[in-house]
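In: Here is a sequence with its predicted model. Questions after.
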Amino acid sequence: MGCQVVAGGTGSVVTGFILRRLASGLVVLAIVSMGAFFLMALIPGDPAAVMAGPGASADQIGAIRSQLGLDQPLLARLWLWLTGLAHGDLGRSITFGQPVLQLLAQRLPVTFGLSALAMVWTLLFGIGSGAIAALKRGTAVDHTIMTAATIGVSIPNFWLGFLLVMVFSVDLMWLPTGGYVRFGEDPWQWFRYMLLPSVSLALLQIALLSRITRGALLDVLQQDYVRMARARGLSPARIFFRYALLNAAVPIVTVIGAILSLMLSGAVVVETVFSIPGIGRLMATSILSRDYPVIQGALIVTASLLILVNLLMDLAYAWLNPRIRYA
């Protein structure tokens, strides 16, 4: 994606950019939808027999084939699939016996809550530690933070999840080993159940954001306008927040967009480890039970969320620097 500098942003430029991004997003979503459909069509053998499992009777397999429309020609099934998507119909789960859209709607708020709490830790400790490392460049504090960030990038979140459970749940018995309580029922219990999963999900992202923040701030702190601000006698706090952090925000926002995408994929593992009934655990369960309608629906919903995240990140660029017009 290219960009060019203009004297100032205009409403028509922003509107045109949004429309172009939405159009490209719809194209990507269409490709993902076709891929999700052919995922089932390319399964070796009879998908209905695979979903029914070993020992299923011919009548059970035939019922699944009829439910999924597998007894119709491929083009007819593709047309039914696309028209169903246009009406918000993602099919029906074989395992749960519910519409896929209803299942996903029930699970998405759980994953959103987990991701939101993990993002709070990521922004707080990622930007904070990166800023401290940049301000203390070359000192023991800088080396310690960057060493910790390197270790954090190397630790798989599923291993960290088990380690946190062993220490804080089994040994110290401070927090529950897993499960879930809705925020509306008891906010404090929701926080207790989500603390370890959110930390496990956020650690890798904290390490990544810390390194990016440090590099971006070091680059900005060496610019002439920062030196001039120091020469004018401005306070270090004003120089940091008004000049350094604001001008380093674009690369930081870029990596935040990537972090949101990583969190959606990491939620599959974390929710499984901590028995959290979110969309990640739903996908893992559906893969194990060969519930392909749910897998197809989850792929489409996840792709839609990623497209939305990318659009929001692009809009954030324009807000941070109104002189940028995307071509």
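Out: Ah, there it is. Numbering: from 1, shown residues only.

In: next one: the helix ranked longest in the chain to chain centre, how far?
Out: When every helix of the chain is counted residue by residue (DSSP state H), the longest turns out to be helix 187-221. Distance of helix 187-221 from the chain centroid (C-alpha atoms, centre = their mean, to the nearest Å) equals 13 Å.

In: Quick one: mean pLDDT over that helix.
Out: Per-residue pLDDT over helix 187-221 has a mean of 87.

In: contacts for the next helix or strand after that helix?
Out: Using DSSP states H and E, the helix or strand that follows helix 187-221 in sequence is helix 224-231. Residues external to helix 224-231 that are found in contact with it (C-beta atoms under 8 Å, 6 or more residues apart in numbering): 220, 238-239, 243-244. Where C-beta positions appear, they are placed from N, C-alpha and C, glycine not excepted.

In: at 6 Å what do you get?
Out: Residues outside helix 224-231 that contact it (C-beta atoms under 6 Å, 6 or more residues apart in numbering) are 239, 243.

In: re earlier: got the angle between the longest helix of the chain and helix 224-231?
Out: Angle between the axes of helix 187-221 and helix 224-231 is 100 degrees (criterion: axes from the mean of the first three to the mean of the last three C-alpha atoms, to 10 degrees).

In: SS state for G280?
Out: Look at G280: counting by DSSP: H, G, I helix; E, B strand; the rest coil, its state is helix.

In: Touching, it and A267? I think so.
Out: Yes - assessed by C-beta atoms under 6 Å, G280 is found in contact with A267 at 3.7 Å.

In: still on that earlier bit, so for the longest helix of the chain, what gets flagged as buried?
Out: Residues of helix 187-221 classed as buried by neighbour count (16 or more other C-beta atoms under 10 Å): 190, 193-218, 220-221.

In: what's the answer for stretch 225-236, then?
Out: 226, 229.

In: From one end of that stretch to the other, what's the distance?
Out: This stretch, stretch 225-236, spans 14 Å end to end (C-alpha to C-alpha, to the nearest Å).
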